[in-house]
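Q: Quick check, what structure comes out for this input:
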Amino acid sequence: GRWRRVQLSVPFNDWLDFVASVKEERRRLRLEETEARAGASDREAGEFSTQAERLVAEVSELKTRAADAEAALERATMDVSAATSRISQLEAAKEERDRKQTLETEAGENNIRYL
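A: Presented below is the predicted three-dimensional model:
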């Protein structure tokens, strides 16, 4: 009953205009929400891009540091090799001195015995 009275009291075209305006307002709000989400997505994409660029720079720096460390390790290996070689030479020279000294000591003892 009441709905019928409301329908009869308001012209049909006014109802159509009201429904159309409500639909248009809803469409406009959805469009604003979509645009806001798109703006947020653009900002997030920009942030991700910035983070990716920073990470690429960090990886590049780490690669450079790794290459430097590898070169330093190679130099250290060469230094160790040279040091090992020098130690071997010094040990051989010491053994030769010790052998000569032992021979001289034995010769001196033999000379004392024969005197």
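
Q: May I ask you to name the longest helix in this structure?
A: Ranked by residue count under DSSP state H, the longest helix found in the chain is helix 12-114.

Q: Could I get the average pLDDT for that helix?
A: Mean pLDDT, computed over helix 12-114, is 89.

Q: And it, how far out from the chain middle?
A: Offset of helix 12-114 from its chain centre (C-alpha atoms, centre = their mean, to the nearest Å): 7 Å.

Q: Neighbours of Leu55, how many?
A: Leu55 has 10 neighbours, counted by other C-beta atoms under 10 Å. (Each C-beta comes from the backbone N, C-alpha and C, glycine too.)

Q: how close does it get to Gly46?
A: The gap separating Leu55 from Gly46 is 15 Å, by C-beta to C-beta, to the nearest Å.

Q: Report all helices and strands that the longest helix of the chain contacts.
A: The contact analysis (3 or more C-beta pairs under 8 Å, 6 or more residues apart in numbering; DSSP states H and E) places helix 12-114 against no helix or strand.

Q: Near Pro11, how many other residues are there?
A: 10.
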